[in-house]
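# No letters, just coordinates:
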């Protein structure tokens with residue numbers, strides 16, 4: 001049974017989330033303030049943390065930065081009423097692994113938690129595996145099954161970003177910011193060009209697709225789709 005820590009100051013929201021997640025088989029504890037959440041996060045190991053962006057005493061992003069600075073790599077999902085792209089990027093850069101804007105559907109939150117729990121246990125790993133796909137970040141090499149992949153540095157970085165988030169839908173804006181360090185330009189086809197080239201290298205004839213378009217949202221690495 002996965003152990004989740006919920007850090008949420010709104011009692012009504014917390015009660016709804018606790019009931020839903022416990023009904024799905026998770027063991028969930030609740031902290032209602034930033035300082036209490038930080039203390040609970042440090043007191044014992046957790047499989048994932050769900051925390052609100054705005055918390056009394058210590059805001060969610062500062063809490064995350066403190067945890068990451070102390071070496072805590074527990075997967076974290078940030079919840080916030082602030083849902084624009086810049087806010088999502090701030091949440092991810094503070095140490096969040098995913099960001100969900102309020103209001104949200106409980107089933108989507110549950111799906112995102114499932115995805116976080118499937119990710120590699122330590123994001124500092126330099127050898128990543130998803131299905132039959134493997135990359136070695138130190139050697140700068142990649143393989144799919146028995147086949148070597150000839151990856152350019154930018155392709156390797158793009159693939160690393162997707163492999164650390166298997167099953168999660170990644171927007172073009174996030175890829176621009178996180179992989180290229182550019183501000184998103186809606187009319188640019190830069191992402192599509194690089195993903196197209198990467199797909200051709202990953203998906204030889206007869207091999208199942210790995211990178212999937214999610215219409216109107218972005219892309220996801222889904223080896224079992």
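In hand now; what should we look at? Everything numeric here is computed off the predicted structure, so don't read it as measured data.
# Next SSE downstream of the worst-scoring helix or strand of the chain on mean pLDDT?
Least confident helix or strand of the chain, by mean pLDDT, DSSP states H and E, is helix 85-93 with a mean of 78. Under the assignment DSSP states H and E, the closest C-terminal helix or strand after helix 85-93 is strand 98-101.
# and the next helix or strand after that following strand, what does it pack onto?
Downstream of strand 98-101, the first helix or strand assigned by DSSP H and E is helix 106-118. With contacts defined as 3 or more CB pairs under 8 Å, 6 or more residues apart in numbering; DSSP states H and E, helix 106-118 has these neighbours: helix 11-23, strand 48-52, strand 76-80, strand 98-101. Quick note: C-beta positions are derived from backbone N, CA and C, even for glycine.
# Unless I misread the structure, residue 63 falls within a strand.
No - checked against DSSP: H, G, I helix; E, B strand; the rest coil, residue 63 lies outside a strand; its state is helix.
# Three-state assignment for the residue nearest to residue 32 when sequence neighbours are not counted, please.
Using CB to CB, 6 or more residues apart in numbering and skipping the chain neighbours, the partner closest in space to residue 32 is residue 9 (5.3 Å). When classified by three-state DSSP, residue 9 comes out as coil.
# Domain parsing of the chain, as residue ranges.
3-118, 127-221 (automatic domain parsing).
# Distance from the chain centre to the longest one, please.
Meaning domain 3-118. Domain 3-118 has its C-alpha centroid displaced from the chain centroid by 12 Å (CA atoms, centre = their mean, to the nearest Å).
# List of residues touching stretch 214-225?
By CB atoms under 8 Å, 6 or more residues apart in numbering, the residues outside stretch 214-225 that reach it are 130-133, 162-163, 165-172, 174-175, 195, 208-213.
# Show me which residues of it are buried.
In terms of neighbour count (16 or more other CB atoms under 10 Å), stretch 214-225 has its buried residues at 218-223.
# do the same with stretch 35-42
Here stretch 35-42 shows 36-38, 40-41 as buried, counting by 16+ other CB under 10 Å.
# Residue 205: what secondary structure?
Residue 205 carries the three-state label coil when classified by three-state DSSP.
# what is the mean pLDDT for the host helix or strand of residue 29?
Using DSSP H and E, residue 29 sits in strand 27-31. The pLDDT scores in strand 27-31 average 96.
# Kindly calculate the angle that it makes with strand 48-52.
Strand 27-31 and strand 48-52 are oriented at 30 degrees to each other (axes from the mean of the first three to the mean of the last three CA atoms, to 10 degrees).
# Give me the residues contacting strand 27-31.
Strand 27-31 is touched from outside by 1-8, 14, 17-18, 21-22, 37, 39-40, with contacts defined as CB under 8 Å, 6+ apart.
# and whatever helix or strand comes next after that strand, what does it pack onto?
Toward the C-terminus, strand 27-31 is succeeded by helix 34-43 as the next helix or strand (DSSP H and E). Identification of packing neighbours for helix 34-43 by 3+ CB pairs under 8 Å, 6+ apart yields strand 3-7, strand 27-31, helix 60-69.
# between those, which gets nearest to residue 82?
helix 60-69 (10.6 Å; CB to CB).
# And the closest one, what's buried?
Buried residues in helix 60-69, counting neighbours by 16+ other CB under 10 Å, are found at 60-61, 63-64, 66-68.
# Just the residues contacting that helix, thanks.
Against helix 60-69 from outside (CB under 8 Å, 6+ apart): 7, 34, 37-38, 41-42, 51-55, 58, 74, 76, 78, 80, 90-91, 94-96.
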